[in-house]
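[1] what's the 3D shape of this:
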Amino acid sequence: MIDNEVFTLTNVELASYNAWAGKIALAMGEAEIESWTLSVTFSFNNLGSTVVAHCESADRSGDLVVRHEME
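    Numbers count the residues shown, from 1 in each chain. So this is what the prediction gives:
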């Protein structure tokens, strides 16, 4: 059963995301891109859960895997 706790990032995960998002924001500002979208996807399956951050203006190679737990 999924509860709200699985949608909460730990302090370490949040720090990692903030550092990644800061680099994206800096790069977008330097490229004079005024608008961009960052998305965070929480995925669940029988084997575990994954949290991935993605910048919609970039390819998937720059994604940040925030959490990848396999049971």
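
[2] In this protein, where is pLDDT below threshold?
    Applying pLDDT under 70 to the chain picks out residues 71.

[3] Geometric centre of the protein: which residue is closest?
    residue 53 (2.0 Å; CA atoms, centre = their mean).

[4] Grab the nearest non-local neighbour of it.
    The shortest distance from residue 53 to any non-neighbouring residue, by CB to CB, 6 or more residues apart in numbering, is to residue 64 (4.3 Å). The way it works is simple: take the backbone N, C-alpha and C, and place the C-beta from them, glycine included.

[5] Start and end of stretch 32-51, how far apart?
    End-to-end distance for stretch 32-51: 29 Å, by CA to CA, to the nearest Å.

[6] no no, stretch 39-59
    Terminal residues of stretch 39-59 lie 13 Å apart, using CA to CA.

[7] Equivalent analysis for stretch 60-68, please.
    In stretch 60-68, first residue to last residue: 16 Å (CA to CA).

[8] Can you tell me the number of residues neighbouring the residue nearest to residue 53?
    As a burial measure, residue 64 scores 19 neighbours (other CB atoms under 10 Å).

[9] rewinding a little: return the distance of the residue nearest to the centre of the chain relative to residue 32.
    For residue 53, the distance to residue 32 equals 23 Å [CB to CB, to the nearest Å].

[10] again with residue 9
    From residue 9 to residue 32 the distance is 30 Å (CB to CB).

[11] Show me which of these two is the more surrounded one.
    residue 9 (16 against 6).

[12] Many thanks, have a good one.
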